[in-house]
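[1] sequence plus predicted model, see below.
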Amino acid sequence: MPTKDGGTAQTFGVTDYLMAFKKKDNQDAVKAFYDLYYQKDQVNEFIKQEGFLPVTKTGLDAFASDTKLKVYLDTLPNVHLTPTDDPTWDKVKLAVQQNIGLGVGSNGDPKKVLDDLQKTAENGG
């Protein structure tokens, strides 16, 4: 991804969530599920079958010999994830979805679009 100041480009990643909700008396079941799911053989087999990139350090090790994945695996330890815990993120995401195409239209002004998105991020929407 490009950067605001023209510095070193960054790798941007997206996330999916595996969630459990607080419910009386389910903590042991949730813990058992997570313990099973994140065993390296379990999670890495799931990753392999679904064609995803690994999500754990053991996954990086397990897939390191796959030459097709090397370029991706090399970037994973330094990836920047979407800031979904930042309340501004939903506003910025919506602004990107609604306006990014304006930068490449016939009268598009990519700099203006990106500057406006930056202002949205800095001003909290």
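    Now that the structure is in, tell me what you want to look at. Numbers count the residues shown, from 1 in each chain.
[2] now for the helix or strand of the chain at the bottom of the mean pLDDT ranking, which elements pack on it?
    Ranked by mean pLDDT, DSSP states H and E, the weakest helix or strand in the chain is strand 12-13, scoring a mean of 75. On a contact count with 3 or more CB pairs under 8 Å, 6 or more residues apart in numbering; DSSP states H and E, strand 12-13 meets strand 80-81. Bear in mind the C-beta positions are built from the backbone N, C-alpha and C, glycine included.
[3] other residues contacting the strand it packs on?
    1, 10, 11, 12, 13, 14, 15 (CB atoms under 8 Å, 6 or more residues apart in numbering).
[4] how far away is the residue positioned nearest the centre of the chain from residue 103?
    Nearest residue to the geometric centre of the chain (CA atoms, centre = their mean): residue 14, 1.8 Å. Going from residue 14 to residue 103 by CB to CB, to the nearest Å gives 21 Å.
[5] likewise residue 45?
    In terms of CB to CB, residue 45 sits 42 Å off from residue 103.
[6] between those two, which one's more packed in?
    More neighbours surround residue 103 than the other of residue 45 and residue 103, with 15 against 12 (other CB atoms under 10 Å).
[7] dump the residue contacts of that one.
    Residue 103 sits in contact with 109, 110, 112, 113, 114, where contact means CB under 8 Å, 6+ apart.
[8] ok, the residue nearest to the centre of the chain - contacts?
    If you count contacts by CB under 8 Å, 6+ apart, then residue 14 has 81, 82 around it.
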